[in-house]
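[1] Just need the structure, nothing else, for what follows:
(one chain, ligands or ions: 1)
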Amino acid sequence: MIEAVRLTKRFGARTAVDGLSFQVRPGVVTGFLGPNGSGKSTTMRMIVGLDRPTSGTVTVDGRPFRQTPNAARAVGALLDAKAVHGGRSARSHLLSLAQLSGIPASRVEEVLGVVGLRDVAGKRTRGFSLGMGQRLGIAAALLGDPRVLLFDEPVNGLDPEGIYWVRTLMKRLAAEGRTVLVSSHLMSEMAVTADHLLVIGRGRLLADMSVRAFIARNSADFARVRVADGEPAARERLAALIGGAGGETLPEPDGALRVTGLPLPRVSDLAHEAGVRLWELSPHHASLEEAYMRMTQPMVDHRSTDDELAGFAGEEPGWEPPTVPEVPQRGWYAPKPPAPAAERHGGGTTGAAGAAKATEEGDAR
Ligand SMILES: Nc1ncnc2c1ncn2[C@@H]1O[C@H](COP(=O)(O)OP(=O)(O)OP(=O)(O)O)[C@@H](O)[C@H]1O
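    Alright, predicted model coming up:
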């Protein structure tokens, strides 16, 4: 278990972590969320003794990290996947870490297999993609088979298959009874990976609860109601009735109404009494992303403004837009058919077959 008590870190005048108290329990995946600059990485760095708290304490299984015997085998962390010597191979990077912590070399081969890097283990990490670097960082965290694991943005740069793999790995590690703390900005991913959430904003704890409770407390469920197509007057009549009964409606892009403030059966009764035909009446639960945005909106430090340069393209003196040949579009967003094989390769059946395939794909969309 990880336990923080009034944990605080200041960098000069900036308070990065402000009196945080929480516990991260074993057996579940705990998601660590917060806007950019809210203090997640600083908290993780303090957990593993890389930053010293200005005040307060944080312990791992009852002791500060620096006092934990053989800490590298007790706690594994992926904090910065780029913190690897680019001239070393993945294998030699892991071997040197293993040697420093008294971990047998055979374990290196095991973790290389777990993260799917065996085939490239002899290659210099300089040439690694972002996703390969993440996998190597995860391998390093797993090396000592630790009971406590921290992952700062582990899915950063991973493709969908890699993201799915990380999700499964986190869940498996937690199911084995380990303590797993994982930060991410990918809300859809957190919603399916984490059981529990710690949410911080400007260094302070905003929420410490299950994912389900967090969504329930920070969002409003709603109903979608769609009247029969081609009956706009009925839609307006229903919207007015809902408003009169104390509900609120918002138009949805497909013509349906999003209703809040009234239970579903009440909406159904109103439609029935008014003789409005419905094609849809469905309950909806807000997503983790909606709940998170609602809670953290006031805590966001970095916001974009409208782009002053919007509309700039094409104004460069002498610039002409490229001419795009007119191509008839077939189907729904059908891609441009490939040029005839003869034009591209000087003839041949391969090109013709490829053209036929591309057209089939276009039709299928
Ligand atoms: N070494 C440092 N010196 C000065 N300020 C720092 C240092 N490390 C972090 N900070 C500041 O502390 C605050 C918290 O940063 P931190 O990296 O912990 O946030 P974060 O939640 O991990 O952000 P992100 O989601 O962008 O990774 C920021 O304002 C950051 O600029």
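
[2] how about the closest residue to the ligand within the stretch 251-365 of the chain, secondary structure?
    Taking CB to the nearest ligand atom as the measure, the point where the stretch 251-365 of the chain comes nearest the ligand is residue 301, at 7.3 Å. In this view, the C-beta of every residue, glycine as well, is placed from N, C-alpha and C. Assigned with DSSP: H, G, I helix; E, B strand; the rest coil, residue 301 falls in the coil class.

[3] Over to residue 52?
    Under three-state DSSP, residue 52 falls in the coil class.

[4] Pull the contacting residues for it.
    Taking CB atoms under 8 Å, 6 or more residues apart in numbering, we find residue 52 in contact with residue 46.

[5] For the ligand, see how far away it is.
    12 Å (CB to the nearest ligand atom, to the nearest Å).

[6] wait, what's in contact with residue 155?
    134, 162-163, 166-167, 184, 186, 189 are the contacts of residue 155 under CB under 8 Å, 6+ apart.

[7] distance of it from residue 114?
    16 Å (CB to CB, to the nearest Å).

[8] Equivalent analysis for residue 224, please.
    Applying CB to CB to residue 224 and residue 114 gives a distance of 43 Å.

[9] Next: residue 233.
    62 Å.

[10] Have a look at those two and say which one is more surrounded.
    Comparing residue 233 with residue 114 by other CB atoms under 10 Å, the one with more neighbours is residue 114, at 15 against 9.

[11] Could you report the neighbour count for the residue nearest to that one when sequence neighbours are not counted?
    Closest residue to residue 114 apart from its sequence neighbours, by CB to CB, 6 or more residues apart in numbering: residue 142 at 6.3 Å. Neighbours of residue 142 under the rule other CB under 10 Å: 20.

[12] what's the answer for the one 4 residues further on, then?
    By the other CB under 10 Å criterion, the neighbourhood of residue 146 contains 21 residues.

[13] and it, that's in a helix?
    No - counting by three-state DSSP, residue 146 is not found in a helix; it is coil.

[14] show me the contacts for it.
    By CB under 8 Å, 6+ apart, the contact set of residue 146 is 72-76, 178.

[15] how about a markdown table for those, with pLDDT added?
    Shown next, in a markdown table, are the contacts of residue 146 (pLDDT from 0 to 100):
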| residue | pLDDT |
| --- | --- |
| 72 | 80 |
| 73 | 86 |
| 74 | 91 |
| 75 | 95 |
| 76 | 94 |
| 178 | 97 |
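
[16] Out of those residues, name the ones that lie in strands.
    Residues of these located in strands (DSSP state E): 75-76.

[17] Pull out the buried positions in stretch 224-240.
    The neighbour-count check on stretch 224-240 (16 or more other CB atoms under 10 Å) flags 224-227, 234-235, 237-239 as buried.

[18] Next, give me the two most distant ones among these.
    Within the buried residues of stretch 224-240, 224 and 237 form the most distant pair, 17.6 Å apart (CB to CB).

[19] that older thread, nearest to the ligand among the buried residues of stretch 224-240?
    Set against the ligand, the nearest of these by CB to the nearest ligand atom is residue 224 (33.3 Å).

[20] and this structure, which residues reach the ligand?
    Remark: the part of the chain in contact with the ligand comprises 11, 14, 16, 34, 36-42, using CB under 6 Å from any ligand atom.

[21] In helices, which of the residues you listed fall?
    When DSSP state H is applied, the residues of the chain next to the ligand are split such that 40-42 fall in helices.

[22] Of these, which is the nearest to residue 126?
    residue 41 (24.1 Å).

[23] And the pLDDT at the closest residue in space to that closest one that isn't next to it in sequence?
    Closest residue in space to residue 41, ignoring its immediate chain neighbours: residue 152 at 5.7 Å, by CB to CB, 6+ apart. Looking at residue 152, its pLDDT reads 94.

[24] Is residue 135 in a helix, a strand, or coil?
    Per three-state DSSP, residue 135 ends up helix.

[25] Could you report the pLDDT at it?
    As predicted, residue 135 sits at a pLDDT of 93.

[26] which residues does it contact?
    Here residue 135 is in contact with 115-117, 158, 162 (CB under 8 Å, 6+ apart).

[27] In helices, which of these fall?
    Among those, DSSP H puts residue 162 in helices.

[28] In PyMOL, how would I select the buried members of the contacts of residue 135?
    Of those, the buried ones go into a single PyMOL selection, burial set by 16+ other CB under 10 Å:
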select buried, resi 115+117+158+162
